[in-house]
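Q: Everything below, folded, please.
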Amino acid sequence: MKITNIKTYLITSEKSVLFIVLSLIALAGFIYSLVLGEQLRFQDEGHYLRMANNLIKHKIYSYDINAIYPTAFHPPGYTIIIASVIALGGGILTLRMLNFLSLCLCIFIIFHILKKHDFSFGARWLPVIIFCYPVLFFTASTIYPQIIAATIFVFIIYIADNSAPKSLNAIFTGGLYGMLILISPSFIMVLPVMIITHYILKGRFSFKYIMAFILGIAIILTPWAIRNYIVFHRFVLLSNNAGKTFILGNSENARPNTGEGIDLSKYDNEIKRLDLDEVDADRYYKKKAFEWIKNNPKDFIKLYLLKFFNYFNYRNELATKIEQSKLRDIVMFFTYYPILLLAMLRALFIKRYPLKNIEILFIIFYIMSAFSNALFLPRIRYRLPFDILLICLSAATLDYIKSYLKNIAKPTTN
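A: Predicted coordinates for the structure are as follows:
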């Protein structure tokens, strides 16, 4: 077979595998969504839907059933997406399929990122690895923003990797990142890495580009901050949820893997006694969490380190106990750790094959995510967008393994 024919076959094979996996995800997602029907398995799913319906029916961004009290407990990004789908006649099935199609698009984008950086073998196996990591499929079946957020996240990386360092490009990607923060506010924790992404990828530092990127973020966040000031007469940049998330991860009852299941009654009762509204309650939680940290520095450091290592855990203690199962834990164990191990094997080839800029970026994002998430409560779903980058590293490692084996298999000449 001629070399040109071999290359054509390989390219066709890669695209065929990609097409098959994407089709399977979309089809399986549709069938699974039909099976689930109108069933909501997590409390936050109902909260998102309630806020979206209040936005449509009562023209108010409200968390409560009667749509009386305005809220900023969650930023509006994902709620606006849900409200848009519902306003156009869609339902829960449509929302789930939007997640599954977003997952397909995410795979398509990272496939091309790997191809651009000459990880052809890894790109070929990437869709299979993702298909064998079912937590992404499961999360896509929920009314949660993580899959859509992951898709926007990798799209921003793709644009930064392929665009010139021009101010208009920076404003555009900054605007996308602002939207990402409004959909999933945890991404503000890795903003320092995103700001220097273009430098990491291109090796050229541009202060003007960074300022334009920040301007793009500000353009998106400013209307929401103004709305919050008008409604609450106090400055709220993103949400009134950070305080509770912070104290859940930093208080006397916090544990490395307990999540929302800890006892906060002492603080909740005091909030009721003082009759604090949403904004002041959020600030109260933050104040008490910082007080605990100040009074218990050794416990805080120990807990922080344990939460950092717990970031790489295969399971969380869920508030919705019915959704926990030994089978699910076993599946997660035998799918997450092989991916993590394969990514770690990359270190064995650094001397022979130095890290490429895109690999450095993925590693920095993943480690930064671990350090930042350790400040709050542990949640695997917060990690999932970064798990996609971990899968990219694992797929890239396959190229190095293949190349290494090919080299040692070559016959030596005297």
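
Q: give me the number of residues near I81?
A: By other CB atoms under 10 Å, the residues close to I81 number 18. The C-beta positions use only the backbone N, C-alpha and C, and glycine is treated the same way.

Q: Next up, the contacts around it.
A: Contact partners of I81, counting by CB atoms under 8 Å, 6 or more residues apart in numbering, are 98, 145, 148, 183.

Q: tally of neighbours for the third one?
A: Per other CB under 10 Å, the neighbour tally for I148 reads 24.

Q: swap in the second one?
A: Close neighbours of P145, defined as other CB under 10 Å, add up to 28.

Q: for the nearest residue to it once chain neighbours are set aside, what are its contacts?
A: Spatial nearest neighbour of P145, chain neighbours left out: Y78 (3.8 Å); criterion: CB to CB, 6 or more residues apart in numbering. Counting by CB under 8 Å, 6+ apart, Y78 touches 48, 145, 148, 183-184.

Q: Tell me which helix or strand Y78 sits in.
A: Remark: Y78 resides in helix 77-87, with elements defined by DSSP states H and E.

Q: so for that helix, what's the average pLDDT?
A: Averaging pLDDT along helix 77-87 yields 96.

Q: buried residues in it?
A: 77-83, 85-86 (16 or more other CB atoms under 10 Å).

Q: do stretch 131-143 as well
A: 131, 133, 135-143.

Q: In helices only, show me those.
A: Among those, DSSP state H puts 131, 135-140 in helices.

Q: can you put the residues you listed in a markdown table and add distance to Y382?
A: Shown next, in a markdown table, are those (distance: CB to CB, whole Å):
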| residue | distance to Y382 |
| --- | --- |
| F131 | 22 |
| V135 | 12 |
| L136 | 14 |
| F137 | 18 |
| F138 | 15 |
| T139 | 11 |
| A140 | 16 |
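
Q: contacting residues around the host helix or strand of D299?
A: In this structure, D299 sits in helix 297-310 according to DSSP H and E. Outside helix 297-310, the residues within contact range by CB under 8 Å, 6+ apart are 249-250, 254-257, 292-293, 370-371, 373-375, 378.

Q: Give me the buried positions along it.
A: Going by neighbour count (16+ other CB under 10 Å), the buried part of helix 297-310 is 300, 303-304, 307-308, 310.

Q: Out of the residues you listed, flag the one nearest to A396.
A: Using CB to CB, F308 is the member of the buried residues of helix 297-310 that sits closest to A396, with 24.4 Å.

Q: How about L248: what's its closest non-neighbour residue?
A: Per CB to CB, 6+ apart, closest to L248 is L377, 4.2 Å.

Q: Could you do D118 as well?
A: Of all residues not flanking D118 in the chain, D399 sits nearest, at 7.7 Å (CB to CB, 6+ apart).

Q: Give me the pLDDT for the one you found.
A: 94.

Q: I'd assumed it was in a strand, is it?
A: No. Under DSSP: H, G, I helix; E, B strand; the rest coil, D399 sits outside any strand and is assigned helix.

Q: For stretch 83-95, measure first residue to last.
A: Start-to-end span of stretch 83-95 (CA to CA, to the nearest Å) is 10 Å.

Q: Remind me which helix or strand the closest residue to L105 other than its chain neighbours belongs to.
A: Distances taken as CB to CB, 6+ apart put T151 closest to L105, at 5.4 Å, once the chain neighbours are dropped. Take DSSP H and E as the rule and T151 turns out to sit in helix 146-162.

Q: any idea of the angle that helix forms with helix 77-87?
A: 110 degrees (axes from the mean of the first three to the mean of the last three CA atoms, to 10 degrees).

Q: what's stretch 203-210 in contact with?
A: For stretch 203-210, contacts defined as CB under 8 Å, 6+ apart pick out 165-167, 170, 195-196, 198-199, 357.

Q: same check, this time on stretch 283-294
A: 242-244, 246-247, 250-252, 267, 270-271, 274, 276, 300.

Q: could I get the residues you listed as a markdown table with distance to G90?
A: What follows is the contacts of stretch 283-294, written out as a markdown table (distance: CB to CB, whole Å):
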| residue | distance to G90 |
| --- | --- |
| A242 | 30 |
| G243 | 33 |
| K244 | 31 |
| F246 | 35 |
| I247 | 36 |
| N250 | 39 |
| S251 | 40 |
| E252 | 45 |
| Y267 | 39 |
| E270 | 42 |
| I271 | 37 |
| L274 | 42 |
| L276 | 37 |
| F300 | 45 |
